[in-house]
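**Q** Curious how this folds, go ahead:
(chains A and B)
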Amino acid sequence: MLDSGRSLLERRLIIVTGKGGTGKTTVAATLAVASARAGQRVLVVEVGRDEQIPRLFAKNPKPVGYAGRRVAPGITAMRIDPFEALSEYLGLQIRVQSVVDLVLNNAAFRQLMSATPGWRELITLGKIWHLERMRDGRGRPRYDLIVVDAPATGHGVTFLDAPRVVVSAVRAGPLRRQAFEVETLIEDPERCVLLPVALAEELPARETAELVERLTGEVGVAVERVIVNAVVAEPFSEQLADLDDRLSRLAASGGSVHPELPASSTLALCASYLKSRSALNRHYVDVIGRLTGLPLTLLPQLTNGVRTSADLETLSSAFFRGADA
Amino acid sequence: MKPADFASDTLETRRIAVCVGCGGVGKTTVATALAVEAARRGQRSLVLTIDPARRLADALGIGALGNEPKVLPDEALNALGIDSGGSLSAMMLDMKRTFDELVERFADSAESRRRILENPIYQHVSDALAGSVEYSAMEKVFELHERGDFDLIVVDTPPAQHALDFLEAPQRLLEFLDSSLVQMLIHPAFSAGRMGFRLFQKGMRRVLQVIERITGIGFLEDISEFLLAFEGMAEGFRERARGVRALLAGPECGFVLVTGPGWESIQQAGEFLDRLEGFDVPLVGVLVNRMHVWPDGGVPPTFRDTNDALGALGDALAADAPADFPAEDAARAALETAKRYAAWVRRDQNATRSLRERTERSGRYWGSIPELADDVHDLLGLSRIAELIFDAAKTRDPGEESRGEV
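**A** Below you'll find the predicted structure:
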């Protein structure tokens, strides 16, 4: 049986990461759809400047913002803005709104914050920690699963590193204590798992292997599988394996065999291109598996890209199947 | 702008070419290809990368890259047919090392140098300070430019989440140093302990109390200690940051925006353009990497799999095949493949159209680099990318590379 990675959905928190361009965001959205299909209440969180996930569920969606908004049955989307998270945090710490406003509106304070490293990551993770603890009226978790679309790789490690840095740089006090609690959540393999997204190409394959090594070594977060995204399927059945050669031979005689069809040379080029791409992908799927030593879930390349919730349905079906693309 | 003008402007007139763009679009490859082309034109060129680019070093065949330029042996260039007298060097930015070098250069005494380098806050700050990678990259460019060993420095910028952090980094660092809160933390009264709070006006006192309540007093003391030590070098630092900024906005520097052809990449490239224009830096052109191109370079035709057409193609394919060759399946598969490739070509053409129009309208260069079926992983591959960038007439068929090994 193909290994589908369904067990990922049993965690409380999945942090999706990967190099820019690997399609992390669509994978995060796919997991949210898969989770909702499994009957869970899922929250999908973005941390960047713009809201890309809501756009996959609707055309011209209303902003979901820091409060979050339902984008599909069972799916809530949210974008965490560090300053809003800071405001909420200070409110919880100080409890006097006028003092919170005084601090947040203080020009020197804002200046200091805009240049201070690490706090954005920390406060964002702190908010996620807080969301994980939220309970509904019956004492059940408010969200069964939280999926985070984390910043791209280099930044991704810094992102998860923030609590550890604070714990080691700050000697005592509430900040250190809270950073410690966030670190505990991230490093608890029962609750949290990190999910790297790779492409089956040379550079992303190597970088994914390096990322897995750093994450399990330095950060101490659980990584149990890798998603290989946008895998181009083998274009021909085994019986037609030499179709590209046949087309090339046909092309040598020139022209097109029928007025409805493009030139045979064009057909030959398209065939050999797709065949090489798919062979290249297959090769790097093996490389990723070998270098990381982790099970892989393959998601197929969709011809027209991932743009609508129907595309997400297709991908989430592939996720459940374990998609041997 | 024609490819030839783009080439002579970017590679021969200017001294620095900054490649910007999001991660994963092949920026390192494009930056290196630009440097190869500059060498072909007789320039002493350098590519400065931020990526831990073991792959780049492998491709160039020069072992590990370090924080100092490493020149390729002449034979390597000769093998590409380059004997123009130009040279190609590469280096990888070691951010921590560059930052430490700055401290060493500007600290006003051995004592303050030691205090900075050993301060726990500095150790974390130089690792994680927002924009410090970006800042040290620009700092290194400035230093190399001043040294004057190269005719052209091609910079492969870090894939910043906030697109242009590296342009803002020097300014942000200066604002940080100048901010009244920092100035106050530097004030000796503060390091004497809590009593110092009394000296500040009420609002500021409140802010400090809140910070202290959350972080603990020790943290503020460490920061204060760090800033005190740092103050001695602030002036040198400040002047340097101004120099870096002026260089980037000046006529010697040209920006090249690199993007992929996908919707997301194009959208982000548009945002990049907005911000580059806001910064008023000299943007020379936009290069779309890995564009799917139809064999004749134009718009893919529509073609239909009528029974007639399928029959004709099946017959032609079966001509020299064994009797059990599934002719109809073969014809269908061939057409499906062509349709799929055509869909990719159309998708890329549609996704890039508005950015292309915008770029060309503003008089900048628009170029696309066709997607190859294989990865680029050696000097020859890089040189081929350079040809694809600068010699649009020779644009290759998308399938041409596919006959190479995979």
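**Q** so where's the stretch 301-406 of chain B uncertain?
**A** For the stretch 301-406 of chain B, applying pLDDT under 70 flags the ranges B:392-406.
**Q** List, one by one, the residues from it near chain A.
**A** B:301, B:303-304, B:306, B:308-309, B:312-313, B:315-317, B:320-321, B:326, B:329-330, B:333-338, B:340-344, B:347, B:373-375, B:377, B:397-403, B:406 (C-beta under 8 Å from any C-beta of the partner chain). For every residue, glycine as well, the C-beta is placed using N, CA and C.
**Q** Among these, name the ones in strands.
**A** Assignment to strands by DSSP state E places none of these there.
**Q** For A:Ala279, give its distance to A:Ala200.
**A** 10 Å (C-beta to C-beta, to the nearest Å).
**Q** Against chain A, how distant is the residue of chain B most remote from its centre?
**A** Centroid-distance maximum for chain B: B:Ala323 at 55.2 Å, with C-alpha atoms, centre = their mean. From B:Ala323 across to chain A, the span is 14 Å (C-beta to the nearest C-beta, to the nearest Å).
**Q** and that residue, helix, strand or coil?
**A** Following DSSP: H, G, I helix; E, B strand; the rest coil, the label given to B:Ala323 is coil.
**Q** Which one's more surrounded, A:Ala279 and A:Ala200?
**A** Shown here are A:Ala279 and A:Ala200; by other C-beta atoms under 10 Å in any protein chain shown, A:Ala200 has more neighbours (27 against 16).
**Q** Pull up the gap between the more buried one and chain B, please.
**A** Taking C-beta to the nearest C-beta, one finds A:Ala200 at 11 Å from chain B.
**Q** Tell me how far the most centrally placed residue in chain B lies from chain A.
**A** In chain B, the residue lying closest to the centroid (C-alpha atoms, centre = their mean) is B:Thr157, at 3.1 Å. Using C-beta to the nearest C-beta, we find B:Thr157 at a distance of 12 Å from chain A.
**Q** and the closest residue to that residue other than its chain neighbours, how many neighbours?
**A** Once flanking residues are discounted, B:Thr157 sits nearest to B:Val20: 5.2 Å by C-beta to C-beta, 6 or more residues apart in numbering or on different chains. By other C-beta under 10 Å, 26 other residues sit near B:Val20.
**Q** Look up which residues are beta-bridged to B:Val20.
**A** B:Leu257 (DSSP bridges).
**Q** hang on, it packs against B:Gly254?
**A** No - counting by C-beta atoms under 8 Å, B:Val20 stays clear of B:Gly254, with 11.0 Å between them.
**Q** Mind naming the longest helix for the chain?
**A** You didn't pick a chain, so chain A it is. helix A:264-292 (DSSP state H).
**Q** meant chain B, my bad for not saying
**A** Max-length helix for chain B by DSSP H is helix B:327-361.
**Q** OK, contacts around A:Asp149?
**A** Taking C-beta atoms under 8 Å, 6 or more residues apart in numbering or on different chains, we find A:Asp149 in contact with A:Val16, A:Lys24, A:Thr25, A:Ala28, A:Val44, A:Val45, A:Glu46, A:Val47, A:Gly48, A:Gln52, A:Ile53.
**Q** Please apply the same query to B:Ala35.
**A** By C-beta under 8 Å, 6+ apart, the contact set of B:Ala35 is B:Ser45, B:Leu46, B:Val47, B:Leu88, B:Ala90, B:Leu152, B:Val154.
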